[in-house]
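Asker: A structural model of the following input is requested.
(2 chains)
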2 protein chains.
Amino acid sequence: MMVKNRLLKNWNLLLIFLFFLMPIQAQYYKFVDPLIGSEGLGNVFIGPSAPYGMIKPGPDNDVKSNSGYSADPNKEIYGFSQVHVSGTGGGPKYGNISVMPFLSEDGSITLEPTSHRNEEQVELGYYSVNLSRWNIQTQITTSDRAAFYHFSYPQGVKRFVKIDLGKFLGEPSVPNPEAREAQQFVSSEIEIVSDYEVRGYSRIRGGWNNGGAYTVYFSAVFDQPFTEFSTWKGERLYPDQKIQIDTGAKTGAILAFTGETNDVQMKMGISFLSELKARANIDHEIPHWDFSRTLEQVQQKWESIFKRLEVEEDAPDELKKMLYTGLYHTMLMPVDRTGENPLWENNAPYYDDFYAIWDTYRSSSPLITLLTPSRQVDIINSMLEIYKREGYMPDARSGNHNGRTQGGSNGEVVIADAFVKGLEGINYKLALDAMLKDATIPPGNNEEKEGRGGLTDYNRLGYVSTDFVRAGNRTLEYAYNDYCLAIVAKNIKRRGEYWRFIKQANNWQNLWRDIEDHGSRGFIMPKDANGNWVDSIQCGTKYGRTSYVRYTPVMQDWPICVCWWCGFFYEANSWEYSLSVPHDVAKLVALSGGKEAFMKRLNTLFDLGLYNVANEPSFLSPNLYHWIGRPDLSNERIHAIIDKNYNCTPSGIPGNDDSGAMSSWLAFHMIGLYPNAGQSYYLINAPYFRKITIHQENGKDFIIQTKNFSPQNKFIESVQLNGIDYNLSWIEHSEIVKGGTLILNMGPKPSDNWGKEMLPPSLSDNEL
Amino acid sequence: MMVKNRLLKNWNLLLIFLFFLMPIQAQYYKFVDPLIGSEGLGNVFIGPSAPYGMIKPGPDNDVKSNSGYSADPNKEIYGFSQVHVSGTGGGPKYGNISVMPFLSEDGSITLEPTSHRNEEQVELGYYSVNLSRWNIQTQITTSDRAAFYHFSYPQGVKRFVKIDLGKFLGEPSVPNPEAREAQQFVSSEIEIVSDYEVRGYSRIRGGWNNGGAYTVYFSAVFDQPFTEFSTWKGERLYPDQKIQIDTGAKTGAILAFTGETNDVQMKMGISFLSELKARANIDHEIPHWDFSRTLEQVQQKWESIFKRLEVEEDAPDELKKMLYTGLYHTMLMPVDRTGENPLWENNAPYYDDFYAIWDTYRSSSPLITLLTPSRQVDIINSMLEIYKREGYMPDARSGNHNGRTQGGSNGEVVIADAFVKGLEGINYKLALDAMLKDATIPPGNNEEKEGRGGLTDYNRLGYVSTDFVRAGNRTLEYAYNDYCLAIVAKNIKRRGEYWRFIKQANNWQNLWRDIEDHGSRGFIMPKDANGNWVDSIQCGTKYGRTSYVRYTPVMQDWPICVCWWCGFFYEANSWEYSLSVPHDVAKLVALSGGKEAFMKRLNTLFDLGLYNVANEPSFLSPNLYHWIGRPDLSNERIHAIIDKNYNCTPSGIPGNDDSGAMSSWLAFHMIGLYPNAGQSYYLINAPYFRKITIHQENGKDFIIQTKNFSPQNKFIESVQLNGIDYNLSWIEHSEIVKGGTLILNMGPKPSDNWGKEMLPPSLSDNEL
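Answerer: Next up is the predicted model:
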C-alpha cells in the first residue's frame, strides 16, 4: 500500500497549499464512486479514466461482460486491459492489450494466470486490487492516453508480468464472419525493444457495432529492467526471442523481474496510430515515476468539470455521490481521440465511441452542453468531420467505424440542440448538409451502420411500413429528427427545406391508430406498405407452419416472436413509444382525448408498470404532466422513480447506463431541470439540493435557490426568476446563459397557479 | 554497370547448366518489353514486378501520371516509389515510400532533389537509369514483397539517399475532402533503427476509387552503414534525430554514406501490416546481397507462367514481344496480398487492386484461367472473402477498399466464367449468395463503391431509368450479370433463382428503341421512370437557362454535356454499347433486322470509326460476325484492328491498358482464340503463330496447329479437332482441358462451309 501512503501525504500538502490560495471548496471528485452501476444491469466501467479519456485501464474477469468486469467474487481476474467502454449492452467491444502480474508457484510458466481478487478499492482515477492467489497488489491510475500500473509482489520471489495481445472482450474468439456482434481476432505483433520496454499491437474487428478492424498500439515501459523474457505466438513460448511478427496469430510476452525491490512499476501508453506514438503519449503525459502525481492530475481534470456544478456543502453525501457520479459517467464517453485519427489528415477534433447517440442525445449531450459547451462544440465538429470524410454522421461509432443505428438518425437532435442553445464554432450550413444527407439519401445495404433505414418507405409513404424492421420507432424518430432539421433550416434561411421537413415532423401521426387499450385511446401501431393496419405479427415457424400473434400496445414483440432487432419497436412497447413525441406533446394530448384522458393515460403508464425507467424513449415521459398544467404530478413521478430505482450502491443504476444516458437523466433531475433535447428549454421540477450554482464557461453563474427546502415541502409553490414572479414550468437555456437566480419556493402541496396556464411549447401551438 | 556485368556472367553459367539438364527452351521472358504501352494512353507500369507482385518499385517523374512515369524526357525523376498500378486511368493511386539517391553540389542538402534521366534500360524484372545531374546509376530488381536497389555513385563523394514518406501520386496534396479521385496525405512516421536500417510508414487515402486510408509500412536495409543522417518533419530538417513520430505531418530521412565503395545497395521491404513484417519480407525473400540472384528469381517466376504458352521458335520477335508482353501485363494485377491483409484474420488468399473487374472480366480473367486456373481460383476465393467480411464482392478495389463501380456488378461474370469452365476449389453456393447480394440489395449511398447502382429502378421497372446516371450501360450489364447468375443457379439446382434471373437477362431489350441511325435500326436509348423515351439530355446551364441537346446513338454525352460519370453510357456511345449483349447475339441480330442488316451494321460501326478499340464494352464486337456465319469477316476485322493499333513500341497499346485488359484481348487474338467471358467457349480466328501449344496445369497439352500458314493464307478454310472435321467457329473450354490438337487449314479465301451453319450459342436459341 506504499503508493497510497505517499499519495495521502501529497494530498495533505496540496490541501495546505490550497488553503492559503483560495477559499476552501468541497472536492467533488471524492464523491464519485465508480462502483455505482457496476452490479446488476449498469455495466459501467470501474477502472480509472480521464474525462473522455482514450485509455481506460481496468480489470477483466469476464470476457462476456461489456465492461470486462463482473462483481461476482467467483470470477477470477485474467488481466488488466487498456480500452473499455462504459454502460453498454450488446456484444462487448475492446478489452485490448491485457496485462497480468503473476508468480510461478512451481517454476513453470502458465500463459493463462488468473486469480481471485481481494481488498478491491475503487475511487475516481484509482483502482487497486490484491490478486489473492499470489498476494500481488495492483494499483492503477491514468492520464488521457497512458496508464500507470504499480505492482507490489511478495518479498523475494521472481516477479512476472504478462502482456497478452490475444485477449479481447466478447464471445470466445471464433473468426466466424457470421458471428454478429462478436469481436474477432485479426492479428498482433510484439517486440521487446529493450530490457525496459515492450511494444506491439493488437488488431481486432467486430463487436457490437459490427465494425471493421481497429488497431490498438502500445508501449509498456518499466521502472527497472526485466532480467528474463519470453515471447509467444499461438500456443508456443519462445524464450529470449525478441520479436513475434504479425502472421495473423496471437502473440504476447512474459517478463521476469528479479531486482531488489518487490515493486514493479509500468507505464502503458496506447495509440491508434503507431507504437512510437504510444510511447510518445507516455513521455508527453507521464514523464516521471510518480504515481500519486498522475493520480492527482486525473482527479484535478475531473474536479475542474465538477466544480462548475456547485451544491450546498451540507447536502447528504449519498445525494452528492449520485449527482457527481452521474456527471462522471456522462463524461467517460465519447472518447477524445484528437490527434489519434488513422483515417484522415486532420487537426480538427476527433471523437470515437459514440455508443450510441440514440442513447445519449436526450440527456448526456445537453448535460455536456450545460456545463462545458466548448466540449460539445468539439464533439459535434468531430461528427461533422466524419460526415465529410465518410458520408454520414455517426449514430453510433466505435473502433473508428460507424454502426449501429438503433432507430433514427439522431445526430439531427444533437445539432439542433446545439443550435437552439446558441453554441458557436459550428458550421451549421455543413451541419444542415449532414442532416439532409440522413434525411434524403438511403444508406442501402448499410442501413444498420448509418443513415436512415427504411427511408425509401418513409419518404414515399410518410411512415416506415412493416416491410422494414423497427418501423415504429424509426417513424417516430425520423419525424422528430425532421423537426430538428427544420428548426436549423429555418434559422439559416433555408425555407424550402424548412417547409418540407416541418411537415414531415407530423409523420408520426401516420402510424397513430385510434384503438383503445387499458382505458386509453390512440397508439402508434404497425401499418403495411399499402396503408393497411397490421393486426398480427409473425411469431416463429414450427412444423412448417408459421404462427401469428395479435399485436397489442403492451407487447414487446422482439424477445417473444422475432429477433431482437426485428420488432416493430426497439427496446420498448407501444405504450412507451406512443408518448415519444417530444416536439408536439400538445397534439399527443389532443389525440389522446384531452387533458383528463392524457393524465389518466400517464397514470396508467406508471401505475401498471408499463413504463420502464431504463428505456431511453421514455426518458421524457415522467415530465409530460407539465403539458397538461400539472408539473406537480411530473414532480411526484420523477422523485418516486428516482427513489425507487437509483441509489449510491453498486446496483444503483436500474439499467445499462448506456455511456452515461441514465446517469445524466438522473443528474438533471437532481438539479431540478430536465432538457427536451433539440429544443431550447428545460422543464422545472423540485431539485434534490437546496441550492445549486452553475458556474458557466462564460464566467456567469446561474443559481437555483430553493426556499423552505425540506422533505415535507416537496412541491414548488411559486417561482421567481431574477426577482420577478415566474409562472412558466420551463426555462429557456438563454436565461441560464445570461446568468441569474431562479428561486423555487417549496411547500407541502401543489401550487394553485405555477405552471398551470402557460404550457411548454409544442409544434402544433405555433407551426403550420 | 557493375551489377549488370556480374549478372551477365551468371546468366552464362545458368545457360550452360540448363544446356546439360534439359532441352534448350526459348526464354520467353526475354520477349517481354515493359516499355510497350508506356507512351501515349497505355499508362503501364515500367518498373520490375513479380507476377501479381505486391511491391512494384519504379521511377516517378510525374505525379499526375497513373504509373508515376512519363516518357517525356523533360520530366525529371523525383524518386523511386514502391507501390504502383498498371494501365489505369482516373485519379492516380499509390506512389508510396519514395527513395532518391542524390549528391550535394555545394554541401547543402535539398529535400527535393530531382534529375533528368539517361541510359534508361527496362527489362522484365529490371530497371536501370542514370540520374544525369549527378551521374548516379540506379538499378532495381524485385521479389514479391521486397525490392533490391543498387545505386552507383561517382567516385569519392558523400553519397546521399533520401527516403520520403510524404510523396504519393495524384493531385498536389490538398487535404480537401471534396477532392474527388485525389489521393490525400494522412500521416507518416519514420525511425532510424540502426545505422543499417530505416523503418516507417506512409498513410494515404483517396485516389481513383475514393477509398479510405491505407498504410504502407517499409523497412529499408543497407549493405553498409550510413555515417550521417537527418530526419525531417514538415519543412524542417532535424540532424541526428532518430524518430519522427506520427503527428499527421510529412516525414522522411536523408542518409549519407562515406564508405570506401562507390556503390550503395538497399533492400526495401514493404508490408500492409507492420514495419517488422516489412523487414521480415526482406529477410524471407532476399536473405542475401546478390542482385542478380533476385533478378533471376523474378525472371524464372515469370518464365514458369510464359512457358505454358509455347509458340514456334522461329516466329518473328515482334509478335512474340506483343504476345508475352501481353501476358505480362495481364498478370501484374490484381496484387497477391495473401498474408498481408489488415482487415480480418485469414489464411485464405487475399488479393487487392482489382482495378477494375469491369475492365478485366472480359479477357484478363479468362486468360489467367486458361494458363493458370489455380491462380484464378485464389483470386475468386479472395473476392468471396471480401463479400463475406464486407458485404459485397469488389467490382473494383484498391488500397484495401472497394470502389468504384463503373457499370455492372461484374463479379457475376467472373464467377460464371470459372463455373462453366469447371474450376474447382470454389464454394459456388457462397458465390451464388454473393451474386444474389449484388442483384437484390441496393448499396444505397455506396452505389459508387460496390453493388448495383439504380437497382431499385432495375428491379421495379426492368431497366435503370434516367433518374440514375449511367442508366444505359448499367441496364445492359445487369442483364448480362443476371444471365451469369442464372447459369450458376441453374447448375447448383436453385431453380427459383434461375427462373427469375434468366428472365431478367432479357432486360436489355427494355431499352431497345426501334430508331434508325446511319442506316441501322434499333439502339439502346434512355428512358425515364414512367416508361417514356427521353429524346434530349441536359447540357449545362448558362445565364440561368438550362440547355438541352438531342441525344443520338453516336454521341458520347459525358464529355460534352454532363460530368464524366453522369452520362447515359460510361466510356462509349450507343453504337458501341448496343452491341454489348454477349449472351444473346442472335436476338441482337434479329432485332437489328436479320443477318444482312446486322452485317451492314457491323460494317458501319467499323468503317465509320464508331468503334473504339480501347473501350472494353466493344471488346467482343469484332467477333460478332461469327453469329451471322461469317467468321472470315471477324478474322479480317480483328487482324486489321491489331495491325493498326497494336505494336511492340512504347506507344503500342492504343488506350489505357486497364490492368492488362487490352493486353489480354491482344494475347487471346494472337493465339486465335477469344473468350466470351461468363460462357464456356472460345471463338476461333486465325492466329498470329504457326503453332501454339498450351501446356496446361493439369499436365495436358492443347495444340493449335496451322497448316499452310503464310501472310497470304489469312483465312481459315477448314478445321480438324483431334483428327476429325470440325465445322464450328468456336470451341468449348472442356475440349481444351482434355488436351488435343486443333488443326487450322489456312487459305487465301474465306471458307465455303466452316463456321457457316451452326452459329455460336445465344440465349434465345435455347432458353425461355
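Asker: Over in chain A, which residue gets nearest chain B? Let me know.
Answerer: Across chain A, the shortest distance to chain B (C-beta to the nearest C-beta) belongs to residue A:444, at 1.8 Å. For glycine as for every other residue, the C-beta is placed from the backbone atoms N, C-alpha and C.
Asker: What about that residue, how many residues nearby?
Answerer: Residue A:444 has 23 neighbours, counted by other C-beta atoms under 10 Å in any protein chain shown.
Asker: And the closest residue to it other than its chain neighbours, how far from residue A:209?
Answerer: The shortest distance from residue A:444 to any non-neighbouring residue, by C-beta to C-beta, 6 or more residues apart in numbering or on different chains, is to residue B:444 (1.8 Å). Residue B:444 sits 18 Å away from residue A:209, going by C-beta to C-beta, to the nearest Å.
Asker: now swap in residue A:601 and tell me
Answerer: In terms of C-beta to C-beta, residue A:601 sits 36 Å off from residue A:209.
Asker: picking that back up, give me every residue that touches the residue of chain A closest to chain B.
Answerer: Neighbour list for residue A:444: B:441-447, B:451 [criterion: C-beta atoms under 8 Å, 6 or more residues apart in numbering or on different chains].
Asker: Likewise for residue A:266?
Answerer: Going by C-beta under 8 Å, 6+ apart, residue A:266 touches A:99, A:148-149, A:151, A:161, A:220-223.
Asker: confidence score at it?
Answerer: Per-residue confidence (pLDDT) for residue A:266: 98.
Asker: Please confirm that it is located within a strand.
Answerer: Yes - per DSSP: H, G, I helix; E, B strand; the rest coil, residue A:266 lies within a strand segment.
Asker: Give me the spatial nearest neighbour of it, chain neighbours excluded.
Answerer: Closest to residue A:266 by C-beta to C-beta, 6+ apart is residue A:149, at 4.4 Å.
Asker: With residue A:285 instead?
Answerer: Closest to residue A:285 by C-beta to C-beta, 6+ apart is residue A:143, at 4.0 Å.
Asker: Surely the one you found is in contact with residue A:293?
Answerer: No - checked against C-beta atoms under 8 Å, the pair residue A:143 and residue A:293 is beyond contact range at 10.0 Å.
Asker: between those two, which one's more packed in?
Answerer: residue A:143 (25 against 15).
Asker: next one: phi and psi at that one?
Answerer: phi -110, psi -160 (degrees, to the nearest 10).
Asker: residues contacting it?
Answerer: Contacts for residue A:143 (C-beta under 8 Å, 6+ apart) come out as A:50, A:53, A:55, A:285-286, A:294, A:297-298.
Asker: So which of residue A:601 and residue A:209 has more stuff around it?
Answerer: residue A:209 (26 against 23).
Asker: per-residue confidence for the more buried one?
Answerer: 94.
Asker: ok, and the closest non-adjacent residue to it?
Answerer: Residue A:209 sits nearest to residue A:403 (C-beta to C-beta, 6+ apart), 3.8 Å away.
Asker: Surely that neighbour touches residue A:206?
Answerer: No - using C-beta under 8 Å, residue A:403 makes no contact with residue A:206, being 10.3 Å away.
Asker: Contact residues of the stretch 201-350 of chain A facing chain B?
Answerer: A:201, A:203, A:205, A:212-213, A:215, A:243, A:245-248, A:271, A:273-274, A:276-277, A:279-280, A:339, A:342-347 (C-beta under 8 Å from any C-beta of the partner chain).
Asker: residues contacting residue A:113?
Answerer: Listed by C-beta under 8 Å, 6+ apart, the contact set of residue A:113 reads A:78, A:100, A:102, A:160, A:162.
Asker: Out of these, which sit inside strands?
Answerer: Among the contacts of residue A:113, the members found in strands (DSSP state E) are A:100, A:102, A:160, A:162.
Asker: pLDDT, neighbour count and distance to chain B added to those residues, as a markdown table?
Answerer: Listed next are the ones in strands among the contacts of residue A:113 as a markdown table, based on pLDDT from 0 to 100; neighbours: other C-beta atoms under 10 Å in any protein chain shown; distance: C-beta to the nearest C-beta, whole Å:
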| residue | pLDDT | neighbour count | distance to chain B |
| --- | --- | --- | --- |
| A:100 | 98 | 28 | 23 |
| A:102 | 98 | 23 | 27 |
| A:160 | 98 | 24 | 24 |
| A:162 | 98 | 23 | 21 |
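Asker: Need the max-distance pair from those.
Answerer: Greatest spacing in the ones in strands among the contacts of residue A:113, by C-beta to C-beta: A:100 and A:160 (8.4 Å).
Asker: So what touches stretch A:577-584?
Answerer: A:472-473, A:476, A:479-480, A:483, A:505-506, A:508, A:512, A:522-524, A:553, A:569, A:587-588, A:601-602, A:605, A:617-618, A:620-621, A:624, A:676-679, A:762-764.
Asker: OK, contacts around residue A:162?
Answerer: A:79, A:98-102, A:111, A:113, A:252-255.
Asker: If you rank these by neighbours, which is first?
Answerer: For the contacts of residue A:162, neighbours tallied by other C-beta under 10 Å; top is residue A:100, 28 neighbours.
Asker: For that one, name its beta-bridge partners.
Answerer: residue A:162 (DSSP bridges).
Asker: going on from the helix or strand of chain A with the lowest mean pLDDT, what's the next piece of helix or strand?
Answerer: Every helix and strand in chain A was compared by mean pLDDT, DSSP states H and E; the lowest is helix A:2-21, with a mean of 51. With elements assigned by DSSP states H and E, the helix or strand that comes after helix A:2-21 is strand A:58-60.
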